[in-house]
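Trainee: Just the structure for this:
(2 chains)
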Amino acid sequence: MRHGRLRPASHHRARATHLLGQVLSYEHRMASVALDGSHGLGELLTSVGAEALGAVGPAMFRLSQTDLYHFGVQSRALREVDLAVPTGSWRSGFSGQVRTVDEVMVDGVARTLRRDPVAFRRARLRSARVRAVLDRVAAAGPWGRPMAAGTAQGVGLHAEYKSVVAFLVELDARDAARPRVTRAVAAVDVGRAVNPRGAEAQLQGALVDALSETLQAGVHIDGGAVRESSYTDFRYARMRDTPVQVEVHVLPPTGEPGGAGELGVPAASAAVANAWARATGTLPRQFPLVP
Amino acid sequence: MPYSFDLNGETVTVDVPGDAALLWVLRDTLGVTGPKYGCGVGVCRACTSHLDGVAFQPCTTPVGDCAGRAVTTIEGLADGDVLHPVQQAWIDEDVAQCGFCQPGQIMAAAALLAAHPNPTDADIDGIENVCRCGTYVRIRRAILRAAGT
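Mentor: Predicted coordinates:
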């Protein structure tokens, strides 16, 4: 941890305006430590002229962000700041942060409008494919089943790499110092799953990455130095942190093959954050949620 | 000075300092590379092997502590061509992704089942080995499958 590259820390401001139950605009501003992509992002970015632009971050950001919902006028922007911290792209790139913030905001707007988070999403999704994966996890949950106090469900959605995914998780936050995801259901439409077992494995792994960094695995800088030295204090998930029940529904083919390797992190992170918010009654504002 | 111990059913003798970590004796002196180096401080557990049948971490165990004892690495888990039930379950559940931590995971699981033939989920939660691919979901299923065989 002390001698490697770090996922760039970022700060986000998001604002939604609404009138008569409709979202009129959505604006998301992200400031981030500059992403160093010089150590090998390969064809994806060179093909869109990232080298000519001089920085990989803005090009990667533009490529990866899409509007999932009918939220009126929408804008997203990235401002990178070079702090000479060794950085690198972590699984799912900017989407892990951007889409988690977006999906936490969607839950927030739904709460403000006193709408159910799943019904609210469903009515505003732009894509039938995304609606299908949301419907699948909501049915498999099932969404809204009775949960004990201090425990809750949460959902998150994401679309990228020509694929779409939904996660529904159940989280037990009764031990505030050690919240645990107790159950997870994912539904994924990768166009056509060439290797369904492989797709399932990628979604399971993405869930573990997502619950680690959302809940407990952070890197801190103390006086200019990295605090965490090894797996002793970098709290990446162990077996005891992972849900006993995990279902991954790989949907039947809808088109040409898309990607699955990095797809799951944003939706799973968002589902965990939203479940934590509903379980604790606290809005997620800083990650990891257990500092 | 020379140290002798049983390694996967055969007696080996190595002439190394007694405080040398067993992991490096296995990997560099003896060429047994199944136990992986992850953290070097006994927390990631990628090197997990068995000492007299009990899971341990060779990266933090001096070779001198192993003299006269039985060390089993992933290379010695199968019975000839017959895989250990945990290894077979690993294949049946298609557990491995990148694979780096998997020898340690398999050795931890085999030691757990030796002590708890019918483990509960809480027993399985006691395994501390890190997997950065997040294969925990299938590891749990493979352990339960192996317990049923």
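Trainee: Which residue is the nearest non-sequential neighbour of residue 2?
Mentor: No chain specified, so I'll use chain A. Leaving out its chain neighbours, the residue that sits closest to A:Arg2 by Cβ to Cβ, 6 or more residues apart in numbering or on different chains is A:Val226, at 4.6 Å. C-betas here are computed from N, CA, C, even on glycine.
Trainee: The chain in question should be chain B.
Mentor: B:Asp15 (4.8 Å).
Trainee: and A:Ala270, what does it touch?
Mentor: With contacts defined as Cβ atoms under 8 Å, 6 or more residues apart in numbering or on different chains, A:Ala270 is in contact with A:Arg99, A:Thr100, A:Asp102, A:Glu103, A:Val104, A:Gly154, A:Val155, A:Gly156, A:Leu157, A:His158, A:Phe167.
Trainee: Identify, from these, the entry nearest to chain B.
Mentor: Relative to chain B, the closest of these is A:Phe167; by Cβ to the nearest Cβ it sits at 13.6 Å.
Trainee: Give me the mean pLDDT for stretch B:124-140.
Mentor: The average pLDDT within stretch B:124-140 is 98.
Trainee: In the stretch 151-291 of chain A, which residue sits closest to chain B?
Mentor: A:Val208 (2.7 Å).
Trainee: Distance check, that residue against A:Pro291.
Mentor: 20 Å (Cβ to Cβ, to the nearest Å).
Trainee: Name the spans of chain B whose pLDDT lies under the cut-off.
Mentor: Scanning chain B for pLDDT under 70 picks out B:149.
Trainee: any idea how far the residue nearest the centre of it is from B:His116?
Mentor: Centre of chain B computed as the mean C-alpha position; nearest residue by Cα atoms, centre = their mean is B:Ser49, 2.8 Å away. In this view, B:Ser49 and B:His116 are 19 Å apart by Cβ to Cβ.
Trainee: for A:Leu207, same thing?
Mentor: Taking Cβ to Cβ, one finds A:Leu207 at 26 Å from B:His116.
Trainee: Compare the two (neighbour count), which wins?
Mentor: A:Leu207 (30 against 14; other Cβ atoms under 10 Å in any protein chain shown).
Trainee: quick one on the thing from earlier: A:Val208 and A:Pro291: which has the busier surroundings?
Mentor: Neighbour count, other Cβ under 10 Å: between A:Val208 and A:Pro291, A:Val208 has more, with 28 against 8.
Trainee: Tell me who's in contact with the more buried one.
Mentor: Applying Cβ under 8 Å, 6+ apart, the residues near A:Val208 are A:Ala237, A:Thr242, B:Cys131, B:Cys133, B:Gly134, B:Tyr136, B:Val137.
Trainee: picking up where we left off before, distance check, the spatially closest residue to the residue nearest to the centre of chain B that is not a sequence neighbour against B:Leu7.
Mentor: Computed as Cβ to Cβ, 6+ apart, the closest residue to B:Ser49 that is not its neighbour in sequence is B:Thr73, at 4.7 Å. Applying Cβ to Cβ, the value for B:Thr73 to B:Leu7 is 7 Å.
Trainee: gap between A:His28 and chain B?
Mentor: 28 Å (Cβ to the nearest Cβ, to the nearest Å).
Trainee: Enumerate the beta-bridge partners assigned to that residue.
Mentor: Bridge pairing for A:His28 (DSSP bridges) gives the partners A:Ala14, A:Arg76.
Trainee: Might one say that it is in contact with A:Leu78?
Mentor: No - using Cβ atoms under 8 Å, A:His28 makes no contact with A:Leu78, being 9.5 Å away.
Trainee: rewinding a little: in terms of pLDDT, where does the residue nearest to A:Arg2 sit?
Mentor: 93.
Trainee: Name all residues that make contact with it.
Mentor: With contact taken as Cβ under 8 Å, 6+ apart, A:Val226 is in contact with A:Met1, A:Arg2, A:Leu6, A:Val219, A:His220.
Trainee: cool, A:Gly156 as well?
Mentor: Taking Cβ under 8 Å, 6+ apart, we find A:Gly156 in contact with A:99-100, A:103, A:166-167, A:266-274.
Trainee: tell me the mean pLDDT for the host helix or strand of it?
Mentor: Using DSSP states H and E, the element containing A:Gly156 is strand A:151-160. Strand A:151-160 carries an average pLDDT of 98.
Trainee: In that strand, which residues have enough neighbours to count as buried?
Mentor: A:Thr151, A:Ala152, A:Gln153, A:Gly154, A:Val155, A:Gly156, A:Leu157, A:His158, A:Ala159, A:Glu160 (16 or more other Cβ atoms under 10 Å in any protein chain shown).
Trainee: Could I get the contacts of A:Val226 in TSV, plus columns for distance to B:His84?
Mentor: Formatted as TSV, the contacts of A:Val226 follow (distance: Cβ to Cβ, whole Å):
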residue	distance to B:His84
A:Met1	34
A:Arg2	37
A:Leu6	39
A:Val219	37
A:His220	41
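Trainee: Any of those buried? List them.
Mentor: A:Leu6, A:Val219.
Trainee: could the contacts of A:Val226 go into JSON lines alongside secondary structure?
Mentor: Shown next, in JSON lines, are those (DSSP: H, G, I helix; E, B strand; the rest coil):
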{"residue": "A:Met1", "secondary structure": "coil"}
{"residue": "A:Arg2", "secondary structure": "coil"}
{"residue": "A:Leu6", "secondary structure": "strand"}
{"residue": "A:Val219", "secondary structure": "coil"}
{"residue": "A:His220", "secondary structure": "coil"}
